[in-house]
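Let me see the structure of the following:
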Amino acid sequence: MFVRDGAGMRPTAKAQKLAEDVQDGLRLLSNSLGEGHAFNPLNSRQTFVFAATDFTTFALRPKLVASIQTAAPRIRIKVEYARRRDSMKALLSKPVHFGLGIADAHLDGHPGLNSVTFADDDYVVLAREGQLRITGKLTLARYTGERHVAVLPWDTEMDVINATLLRLKFSCDVAMELPSMLATPSIVAVSDLLATLPRCIAVCAAANVPVTILQAPFEPIHIVRVFFHERHASGAAYRWMLQQITEVLAVSQLRSDGESR
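The predicted structure is shown next:
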């Protein structure tokens, strides 16, 4: 576990990883033991564990973290990367408080599992700035005639985009499949590939790389839901965080309604 380093000793990489895992376990144990006690967000060091991907964490971070940094300056949010089935298993059997996922009928119907819609957005298409083949409105024929970068963070058989195209009796020619959205805008910026992403992500991408945002020729909605299990319901800290999530959702909805008028 330790190796000699000059006149002293230093922990190996394995020992450092073990120490991190033990610290996380102690935090989670402390959280579980304190769930029935009073919760004061101003001085609490509670750890809240979310199972998510970078896709869904993007919806969480700006809204939720900004709203709680003053009310609960010392709490810790830990995001564990998880694929769709892993997120479900974590909610049902592990000390994970919330799971962030795309709305999916397959996630409903589990005993004790509940959810709230946290964010929704429309999909848009990213194309390289100056791409000559795409001018004016992007039609469904042109969209399906191009090659694409597909972002598939979950291990499901069909994502929202492909399911929508299938209903329209079209298919998409995927040149590259990625588990994460992070590299997608940069790949689009140096190729003729298209990528279909939620608008909020595409807008951020367009501010940093030379890409153009086009309206998608179909209307699937990107809906992020927060899933949670009733086994945590008795915890004061858990109820507090769920309240923050619902309040952030309410504020976001009011802003959206105001902008649409």
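
quick one: low-confidence ranges for this structure?
Residue ranges of the chain with pLDDT under 70: 1-37, 59-61, 83-90, 92-94, 102-110, 154-158, 250-261.

Report the central residue of it.
Nearest to the geometric centre of the chain sits Thr56, at 1.2 Å (CA atoms, centre = their mean).

Now do the helices in the protein.
In the chain, the helices defined using DSSP state H lie at 13-33, 54-60, 66-68, 84-93, 140-145, 160-167, 184-189, 199-206, 236-260.

Now do the second one: which elements does it pack against?
Contact analysis of helix 54-60 by 3 or more CB pairs under 8 Å, 6 or more residues apart in numbering; DSSP states H and E lists strand 47-52, strand 76-81, strand 98-102, strand 113-128, helix 199-206, strand 221-229 as its packing neighbours. Glycine gets a C-beta too; all of them are placed from N, C-alpha and C.

With distance to Pro62 added, can I get those in JSON lines?
JSON lines is the format used below for the helices and strands packed on helix 54-60 (distance: least, CB to CB, whole Å):
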{"stretch": "strand 47-52", "distance to Pro62": "14"}
{"stretch": "strand 76-81", "distance to Pro62": "13"}
{"stretch": "strand 98-102", "distance to Pro62": "13"}
{"stretch": "strand 113-128", "distance to Pro62": "10"}
{"stretch": "helix 199-206", "distance to Pro62": "9"}
{"stretch": "strand 221-229", "distance to Pro62": "12"}
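
For the ones you listed, state which one has the densest average packing.
Compared across those, strand 98-102 shows the largest average neighbour count, a mean of 25 (mean count of other CB atoms under 10 Å).

Neighbouring strands - and their directions - for it?
Strand pairing for strand 98-102, determined by DSSP bridges: strand 47-52 (parallel), strand 221-229 (antiparallel).

sorry, back to before: out of the helices and strands packed on helix 54-60, which gets nearest to Leu165?
Evaluated over those, closeness to Leu165 peaks at strand 113-128, with 11.6 Å, by CB to CB.

what pairs with the closest one, and is each one parallel or antiparallel?
Counting by DSSP bridges, the strands paired with strand 113-128 are strand 194-198 (antiparallel), strand 211-215 (antiparallel), strand 221-229 (antiparallel).

Next, the angle from it to helix 160-167.
Interaxial angle of strand 113-128 relative to helix 160-167 (axes from the mean of the first three to the mean of the last three CA atoms, to 10 degrees): 80 degrees.

How far away from the center of its chain is strand 113-128?
Computed by CA atoms, centre = their mean, to the nearest Å, the separation of strand 113-128 from the middle of its chain amounts to 10 Å.

same thing with stretch 161-178?
The chain centre lies 21 Å from the centre of stretch 161-178; the measure is CA atoms, centre = their mean.

Alpha carbons of stretch 219-238, as CSV, please.
Only the C-alpha atoms of stretch 219-238 are listed here, as CSV (Å, rounded to 0.1, in the frame of the first residue of the first chain):
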residue,chain,number,x,y,z
GLU,A,219,-40.3,17.9,-33.0
PRO,A,220,-39.1,15.5,-30.3
ILE,A,221,-38.8,17.2,-26.9
HIS,A,222,-35.7,16.7,-24.7
ILE,A,223,-37.2,16.1,-21.2
VAL,A,224,-35.0,15.5,-18.2
ARG,A,225,-36.7,13.9,-15.2
VAL,A,226,-35.4,13.6,-11.7
PHE,A,227,-36.1,10.0,-10.4
PHE,A,228,-36.1,9.2,-6.7
HIS,A,229,-37.1,6.3,-4.5
GLU,A,230,-39.5,6.5,-1.6
ARG,A,231,-37.0,4.7,0.7
HIS,A,232,-35.4,8.1,1.3
ALA,A,233,-38.7,9.9,2.0
SER,A,234,-38.3,9.9,5.8
GLY,A,235,-35.0,11.9,5.7
ALA,A,236,-35.3,15.6,6.4
ALA,A,237,-32.2,16.4,4.2
TYR,A,238,-33.7,14.4,1.3
